[in-house]
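>>> need coordinates for the below:
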Amino acid sequence: MLIIPAIDLIGGACVRLLKGDYEKQITYGRDPVNQALRFQSAGFRRLHVVDLEGARDGEGKNRGAIQEVIEASRVPVQVGGGIRSAGDVEQLLSWGANHLILGTLALEGPDEVATWVSRWGGEHFIVSLDLRDGKLQTEGWLAESSLGIEEMVERLVTWGVKEVICTDVESDGTLEQPNWSTYRSLLKLLPDDTSLIAAGGISAPGHLSRFRDLGLSGAIVGRALYEGEYSWEEMLRAC
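Predicted coordinates for the structure are as follows:
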């Protein structure tokens with residue numbers, strides 16, 4: 001199972017939010033490239049880089065920093081936040097991004113996503129299902145979608161996208177524990193050939209081991225790697 005460190009960006013700095021609240025921001029450093037290289041040197045095999053301002057506003061405000069991280073990294077990089085046009089896709093893939101994460105557009109622009117998958121291939125895309133109290137969130141978690149999870153899963157099957165990130169917003173950034181029922185329920189809905197990556201509330205090696213035993217393919221870890229009580233080595237050994 002992959003343990004994927006999160007590098008969330010606002011104003012070019014590495015930050016974390018509490019439950020997606022932009023008013024509750026912690027800044028951990030202003031050099032995302034250095035942070036990426038530290039994660040890479042520690043043995044993490046994929047990086048999760050998100051433009052939080054892009055997710056909220058629909059514009060790639062941190063693209064310069066993202067390009068630098070991609071070009072400096074030797075491990076695959078998955079990028080999210082503000083990917084709303086074919087030009088965004090073309091730009092990020094040309095820089096070497098391995099996977100592009102689609103959240104708002106997957107909910108609001110299914111025809112466009114279908115066109116992108118046909119053009120670039122489903123292997124380049126990950127769909128992000130962000131849940132608050134079981135409801136899908138959009139626009140950087142600031143709005144609730146009327147789309148149901150079952151309908152979203154049907155879209156995944158139609159598109160041929162085989163990788164999904166599910167974030168439990170109420171757990172994200174809390175350093176408490178994941179909402180296990182969220183992931184168990186989603187696993188039952190997803191096709192067997194679709195990989196599920198968890199995010200939100202992960203703070204201990206035991207959480208990662210439990211996700212592995214549930215059958216998840218990965219887990220995104222943020223705040224626990226920046227200020228948690230366990231070392232990066234302990235987190236990596238859990239899987």
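
>>> and the strands in this structure?
Using DSSP state E, the strands of the chain run over residues 2-10, 13-18, 21-29, 47-51, 77-80, 99-102, 125-132, 135-138, 143-144, 163-168, 195-199, 218-221.

>>> how far out from the middle of the chain is the first one?
Distance, stretch centre to chain centre, for strand 2-10: 7 Å (CA atoms, centre = their mean, to the nearest Å).

>>> quick one, what contacts the nearest residue to Gln78 once chain neighbours are set aside?
Ranked by CB to CB, 6 or more residues apart in numbering and with sequence neighbours excluded, the top spatial neighbour of Gln78 is His99, at 3.9 Å. From N, CA and C alone the C-beta is placed, and that goes for glycine too. Listed by CB atoms under 8 Å, 6 or more residues apart in numbering, the contact partners of His99 are Pro76, Val77, Gln78, Val79, His124, Phe125, Ile126, Glu163.

>>> low-confidence bits of the chain, can you list those?
Scanning the chain for pLDDT under 70 picks out 140-141.

>>> how about a cut-off of 90?
In the predicted model of the chain, residues 16-24, 54-61, 104, 130-135, 137-147, 168-177, 228, 239 satisfy pLDDT under 90.

>>> now the helices for it?
For the chain, the helices defined by DSSP state H occupy 32-42, 52-57, 63-72, 86-95, 104-108, 110-120, 149-159, 180-189, 205-214, 223-227, 232-237.

>>> same list (the ones you listed) but as a markdown table, adding distance to Ile4.
Listed next are the helices of the chain as a markdown table, based on distance: least, CB to CB, whole Å:
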| stretch | distance to Ile4 |
| --- | --- |
| helix 32-42 | 9 |
| helix 52-57 | 17 |
| helix 63-72 | 14 |
| helix 86-95 | 17 |
| helix 104-108 | 19 |
| helix 110-120 | 21 |
| helix 149-159 | 20 |
| helix 180-189 | 15 |
| helix 205-214 | 11 |
| helix 223-227 | 10 |
| helix 232-237 | 11 |
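
>>> and these: which comes nearest Arg132?
For these, the distance to Arg132 is smallest for helix 180-189, at 10.4 Å, taking CB to CB.

>>> tally of neighbours for Leu136?
21 (other CB atoms under 10 Å).
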